[in-house]
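>>> sharing a model that was predicted from the sequence below.
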Amino acid sequence: MPTIETENLSFLKNYMKDMIPAFIEFALSVIGAVLVYVIGVRLMKWVRRLFRKMLQRHNVDEGVQQFLDAIVKVAGYFILILIILGFFGVTTASVVAVLGSAGLTLGLALQGSLSNFAGGVLILLLKPFVVGDYIVEGSGKNEGYVQEISIFYTTLLTGDQKMVVIPNGTLANNSITNLTKSGRRRLDVVVGIAYSADLRCAKKVLQQVAEQSSHRLQTETPMILVDELADSSVNLIVRVWTDPEEYWDERWELTEQIKLSLDEAGIEIAFPQLDVHVR
């Protein structure tokens with residue numbers, strides 16, 4: 001008469017015997033999924049590289065290249081995931097059915113992402129800026145050189161080498177100042193001189209400084225303008241034009257030379273003063 005231990009052992013053997021094919025099938029599925037993933041990732045990189053070369057041959061804008069490359073990448077990974085799920089018995093129809101039934105929920109959850117995607121499309125179509133432009137974003141006062149325009153975000157590189165990532169929806173719905181679109185940039189340096197200073201002499205000195213500045217556009221004549229008769233100074237504007245990439249170099253050089261030249265000419269740079277009379 002069989003004992004309980006014998007029955008348990010017999011049940012365990014039968015269970016393991018029945019599960020071995022399932023384990024083998026699962027292991028083969030895992031191995032197949034890993035192989036498909038490795039091959040798929042390499043194939044996707046090759047397709048993306050070929051796609052970028054094709055766009056470059058047709059002189060497509062860099063921002064459009066980045067945007068389309070990101071779409072190809074997302075689509076490639078989505079197809080790869082569907083293929084891998086197929087190894088585990090999940091069909092494409094099942095995935096589509098799940099996405100369809102959860103469409104409203106996904107739409108609400110991805111509302112911000114969809115807005116950013118639409119903003120990216122608008123940026124590429126209207127082209128308020130392209131990769132390489134220096135822009136100032138209106139709401140957050142973020143500014144820098146445009147490094148990348150992706151599906152959902154635009155990346156800026158600031159002057160102090162910080163990466164700023166801004167949602168495309170924010171850029172599409174706010175004012176944008178493009179400082180490099182025209183290929184040149186105007187620089188105005190305000191200089192306040194004392195009322196007792198010789199105005200004509202000061203303008204002559206500033207004109208010489210502006211004409212000798214090394215980073216200005218030689219095709220544009222510098223201008224020295226009387227801007228304001230302020231409370232304690234006569235404010236002059238030194239106006240020059242410069243290349244957008246050399247704006248800050250020109251500003252720093254011009255400001256320094258203005259101070260040195262006015263000191264050499266004996267022209268006082270005004271500063272606020274307060275006279276106190278005690279009775």
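Ah, there it is.

>>> check which helices and strands the one helix or strand L187 maps to is in contact with.
Using DSSP states H and E, L187 sits within strand 185-193. Under the contact criterion of 3 or more CB pairs under 8 Å, 6 or more residues apart in numbering; DSSP states H and E, strand 185-193 touches helix 199-212, strand 234-242, helix 247-264. No exception for glycine: its C-beta is placed from N, CA and C like everyone else's.

>>> report the rounded mean pLDDT for the longest one.
The average pLDDT for helix 247-264 rounds to 92.

>>> now stretch 232-244
91.

>>> again, but for stretch 82-94
On average, stretch 82-94 scores 73.

>>> please apply the same query to stretch 166-177.
Rounded mean pLDDT across stretch 166-177 is 87.

>>> low-confidence bits of the stretch 51-200 of the chain, can you list those?
90, 92-112, 140 (pLDDT under 70).

>>> what's near enough to touch Q212?
Contact analysis of Q212 by CB atoms under 8 Å, 6 or more residues apart in numbering lists Q257.

>>> and it, how far is that from R239?
Plainly put, Q212 is 15 Å away from R239 if you go by CB to CB, to the nearest Å.

>>> could you do V41 as well?
The value you get for V41 to R239, if CB to CB is used, is 56 Å.

>>> N168 now?
36 Å.

>>> who has more neighbours out of these two?
Taking neighbours as other CB atoms under 10 Å, N168 and R239 compare with N168 leading, 25 against 17.

>>> excluding chain neighbours, what is closest to the more buried one?
Once flanking residues are discounted, N168 sits nearest to G119: 3.5 Å by CB to CB, 6 or more residues apart in numbering.

>>> just to be sure, that neighbour is in a strand?
No - remark: G119 does not belong to a strand; assigned using DSSP: H, G, I helix; E, B strand; the rest coil, it is helix.

>>> show me the helices in the stretch 51-200 of the chain, by range?
Assignment of helices within the stretch 51-200 of the chain using DSSP state H, counting those that start in this stretch yields the ranges 62-86, 92-101, 103-109, 111-126, 168-172, 199-212.

>>> run through who's touching the fifth one.
I take that to be helix 168-172. 112, 115-120, 122-123, 137, 139-140, 149, 152-154.

>>> now, of those, which are buried?
The neighbour-count criterion (16 or more other CB atoms under 10 Å) marks 115-117, 119-120, 122-123, 137, 149, 152-154 among those as buried.

>>> between the residues you listed, which is closest to P244?
E137 (16.7 Å; CB to CB).

>>> now the closest one: how far from E220?
Taking CB to CB as the measure, E137 falls 28 Å from E220.

>>> in the protein, which residue is most central in space?
Nearest to the mean C-alpha position of the chain, by CA atoms, centre = their mean, lies T155 at 1.6 Å.

>>> what's the burial count for A27?
So A27, with other CB under 10 Å, has 10 neighbours.

>>> in which helix or strand would I find it?
Using DSSP H and E, A27 falls in helix 4-57.

>>> about what we covered before: in the strand holding L187, which residues are buried?
185, 187, 189, 191-193.

>>> do stretch 159-177 as well
164, 166-172.

>>> turn those residues into CSV, including distance to I71.
Shown next, in CSV, are the buried residues of stretch 159-177 (distance: CB to CB, whole Å):
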residue, distance to I71
V164, 23
I166, 19
P167, 17
N168, 13
G169, 17
T170, 20
L171, 18
A172, 17
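
>>> which of those residues lies closest to E246?
V164 (22.1 Å).

>>> need the contact list for the closest residue in space to S175 that isn't next to it in sequence.
The shortest distance from S175 to any non-neighbouring residue, by CB to CB, 6+ apart, is to G138 (3.5 Å). Applying CB under 8 Å, 6+ apart to G138 gives the contacts 174-177.

>>> also G159?
144, 248.

>>> the one 5 residues further on too?
Applying CB under 8 Å, 6+ apart, we find V164 in contact with 142, 144, 155-158.

>>> selecting buried members of these in PyMOL, what would you type?
Remark: buried members of those, expressed as a PyMOL selection using 16+ other CB under 10 Å:
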select buried, resi 142+144+155+156
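
>>> adding distance to Y37, write the contacts of V164 out as TSV.
Shown next, in TSV, are these (distance: CB to CB, whole Å):
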residue	distance to Y37
N142	37
G144	36
T155	28
L156	34
L157	33
T158	37
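
>>> just the contacts of V164 now: which is nearest Y247?
Nearest to Y247 among these, with distances taken as CB to CB, is G144, at 13.3 Å.

>>> thank you, goodbye.
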